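Participant: pasting the structure only:
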Ligand code: ADP
Ligand code: MG
């Protein structure tokens, strides 16, 4: 089917190491670890979706990304792969603590992201946890400090930042804001500000949103540095 496709392709920023991947069509073409490739293959992921094609080369190269693409376009892998790869390249171990943080508006979305991470990350040694509330905060607290990657809803994450002894985000490498417009619509703006205040400045940030409202732009200004803007509209 030939849908209307307007797609911002990655530009060559004079960085030859990433430009050669700008035309990647399959996960196998990407400069990622064999562990991740095996995880993707086991999940039967082969061909990149449009947003993955546009954003993954930039995100894997460590740049901040502001991505817009509708629901169902494959945004989850667009941020999970860069998070896992960043920590893999840094030889992150359990002892290194929190390296990747993924914020999403609802518990259901957090669970889906966590399940996807378990599938594609299963050949890596990284630990991952889910902070979504609904169960005893004490139970979560014991696990929190041992996790390399956390998938969380904003309110619950801030609660742990405030209340959990030993919670340490000072080594964070990558922050993901998934469905940023919905996070803001749900009234989490000041929660996000407080979370951002607790995170190190020198980190990579990947922000995804279905719409570009003023509040999303404000959040982007606050949280991203020199981002690549990638917008994909496709009925494919
Ligand atoms: P979004 O977050 O943009 O709404 P998801 O990341 O949840 O989209 O992906 C939507 C669906 O597409 C999921 O079922 C996911 O497994 C599937 N999917 C994602 N990327 C690919 C791909 N490259 N090839 C095949 N299926 C994919
Ligand atoms: Mg999603």
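Facilitator: Nice, I can see it. Remember, it's a predicted structure, so these values are computed and weren't measured experimentally. Ligands and ions are numbered 1, 2, ... in the order given.
Participant: first vs last residue of stretch 132-148, how far apart are they?
Facilitator: Distance across stretch 132-148, first residue to last, is 16 Å (C-alpha to C-alpha, to the nearest Å).
Participant: quick one: contacts of it?
Facilitator: Stretch 132-148 has contacts (C-beta atoms under 8 Å, 6 or more residues apart in numbering) with 87, 92, 94, 96-100, 107, 110-111, 126-129, 131, 150-153, 155-156, 159-160, 163-168. From N, CA and C alone the C-beta is placed, and that goes for glycine too.
Participant: Please apply the same query to stretch 37-46.
Facilitator: Outside stretch 37-46, the residues that touch it by C-beta under 8 Å, 6+ apart are 26-28, 77, 81, 119-124.
Participant: repeat that with 7 Å
Facilitator: 26-28, 77, 119-123 (C-beta atoms under 7 Å, 6 or more residues apart in numbering).
Participant: residues of it that come out buried?
Facilitator: 37, 39-40, 45 (16 or more other C-beta atoms under 10 Å).
Participant: One more: stretch 195-202?
Facilitator: So stretch 195-202, judged by 16+ other C-beta under 10 Å, has buried residues 195, 199.
Participant: Averaged pLDDT, it. What do you get?
Facilitator: For stretch 195-202, mean pLDDT rounds to 96.
Participant: Endpoint to endpoint, it covers what distance?
Facilitator: 15 Å.
Participant: likewise stretch 214-231?
Facilitator: Span of stretch 214-231 from end to end, C-alpha to C-alpha: 16 Å.
Participant: swap in stretch 144-160?
Facilitator: 8 Å.
Participant: What of stretch 102-111?
Facilitator: Distance across stretch 102-111, first residue to last, is 11 Å (C-alpha to C-alpha).
Participant: list the buried ones in it?
Facilitator: 102-105, 107, 109-110.
Participant: Tell me which of those fall in strands.
Facilitator: Counted as lying in strands by DSSP state E, out of the buried residues of stretch 102-111, are 102-103.
Participant: Could you dump the buried residues of stretch 37-46 into TSV with distance to residue 135 added?
Facilitator: Compiled in TSV, those are given as follows (distance: C-beta to C-beta, whole Å):
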residue	distance to residue 135
37	34
39	27
40	30
45	31
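Participant: Could you list which of these also contact ligand 1?
Facilitator: Contacts with ligand 1 within the buried residues of stretch 37-46, as defined by C-beta under 6 Å from any ligand atom: residue 45.
Participant: Narrow the buried residues of stretch 37-46 to those in helices?
Facilitator: 37, 39-40 (DSSP state H).
Participant: Nearest to ligand 1 among these?
Facilitator: Of all these, residue 40 has the smallest distance to ligand 1: 8.2 Å, by C-beta to the nearest ligand atom.
Participant: how about the strands of the chain, start to end?
Facilitator: Counting by DSSP E, the strands of the chain are 6-7, 65-69, 100-103, 128-131, 149-152, 174-177, 204-208, 228-233.
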